[in-house]
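Peer 1: predicted model, plus sequence, below.
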Amino acid sequence: MTKNHLVDTAVRNLREVILSGELPPGMHLIQEELAERFGISRTPLREALRILEKEGFLVVSPTQGMTVLPITYENVRDYYVVREVLDGAAARLAAQKCTASHIAELHEILNHMENTIEPWSPSEWLNHNLAFHQLITVIADNMPLRHHLEEVINISARLFFPTIQIQLQRAQHALQEHRLIVNALAEHDAIRAESLARHHIATALELLSISRSPLLVAGD
């Protein structure tokens with residue numbers, strides 16, 4: 001097995017356990033334990049950790065060493081500010097390129113989301129919400145944008161959302177916002193699609209700012 005393959009495998013495995021919550025936000029990472037857990041030597045592990053640090057999953061501090069990105073309001077805000085811009089760009093491009101088949105796929109995802117509202121299933125809703133946003137990035141067909149946006153979506157949706165109570169009322173409003181975005185895509189209205197997508201993310205951030213969930217650690 002080549003060194004590059006070992007590093008890639010370690011990155012994939014570490015990303016999985018972070019996103020699943022097995023390595024929770026704020027957890028201090030001990031390299032010896034991780035090397036033993038994944039059955040690899042320290043050299044490929046260190047490279048894998050550096051990659052995940054660049055991707056934003058890990059942070060390094062002089063006092064704590066390497067830890068899983070902690071959940072603070074400031075961290076969530078920073079990721080959502082970036083998401084607003086990137087989601088808007090993806091929606092604009094998707095409106096120019098989407099087909100009837102793409103619109104049908106998006107409607108199917110939205111129907112699944114609606115089915116999770118009654119009875120309310122936050123985890124299922126989250127999965128379909130993630131699929132919806134990822135499909136728009138695929139339709140946009142811009143590899144650099146897709147690469148960066150999928151990183152941000154993964155972190156914001158998978159790392160932050162499970163620790164923040166997803167309110168049923170917000171889910172219902174988000175579904176309505178999604179339908180408006182799909183309508184704009186179907187009409188190939190790029191300007192409207194971008195505006196709606198940015199508003200969708202900005203609204204989520206605004207609500208978070210108002211609620212300041214007690215599960216978020218104060219960063220100031």
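Peer 2: Arrived safely.
Peer 1: just checking, next helix/strand downstream of the longest helix along the chain?
Peer 2: The helix that spans the most residues within the chain, counting by DSSP state H, is helix 73-97. Proceeding N to C from helix 73-97, the next assigned helix or strand is helix 100-115, under DSSP states H and E.
Peer 1: tilt between that following helix and helix 73-97?
Peer 2: When axes from the mean of the first three to the mean of the last three CA atoms, to 10 degrees is applied, the directions of helix 100-115 and helix 73-97 differ by 140 degrees.
Peer 1: quick one: residues in contact with whichever helix or strand comes after helix 100-115.
Peer 2: Once helix 100-115 ends, the next helix or strand along the chain (criterion: DSSP H and E) is helix 122-140. Contact with helix 122-140 is made by 87, 89-91, 93-94, 97-98, 102, 105-106, 109-110, 112-113, 116-117, 145-146, 149-150, 153, 157-158, 161-162, 165-166, 171, 174, 178, 181, 185, 197, as judged by CB atoms under 8 Å, 6 or more residues apart in numbering. C-beta here means a position set from N, CA and C on the backbone, and glycine is covered the same way.
Peer 1: pLDDT score for the closest residue to Gln64 other than its chain neighbours?
Peer 2: Spatial nearest neighbour of Gln64, excluding adjacent residues (CB to CB, 6 or more residues apart in numbering): His28 at 5.7 Å. Each residue has a pLDDT score; the one for His28 is 94.
Peer 1: packing partners for the longest helix of the chain?
Peer 2: Using 3 or more CB pairs under 8 Å, 6 or more residues apart in numbering; DSSP states H and E as the contact criterion, the secondary-structure elements in contact with helix 73-97 are helix 122-140, helix 143-153, helix 168-186, helix 190-211.
Peer 1: who touches Arg192 in this structure?
Peer 2: Contacts for Arg192 were tallied using CB under 8 Å, 6+ apart; they are Ala95, Ala184.
Peer 1: if we go to 7 Å?
Peer 2: Shown here is Arg192, whose contacts under the criterion CB atoms under 7 Å, 6 or more residues apart in numbering are Ala184.
Peer 1: so the residue nearest to Gln64 sits against Gly65, correct?
Peer 2: Yes: counting by CB atoms under 7 Å, His28 touches Gly65, with 6.3 Å between them.
Peer 1: please identify which of the helices and strands packed on helix 73-97 is closest to Phe57.
Peer 2: Among the helices and strands packed on helix 73-97, the nearest to Phe57 by CB to CB is helix 143-153 (8.9 Å).
Peer 1: quick one: mean pLDDT for the closest one?
Peer 2: Mean pLDDT, taken over the full extent of helix 143-153, equals 92.
Peer 1: same check, this time on stretch 32-40
Peer 2: Stretch 32-40 comes out with an average pLDDT of 93.
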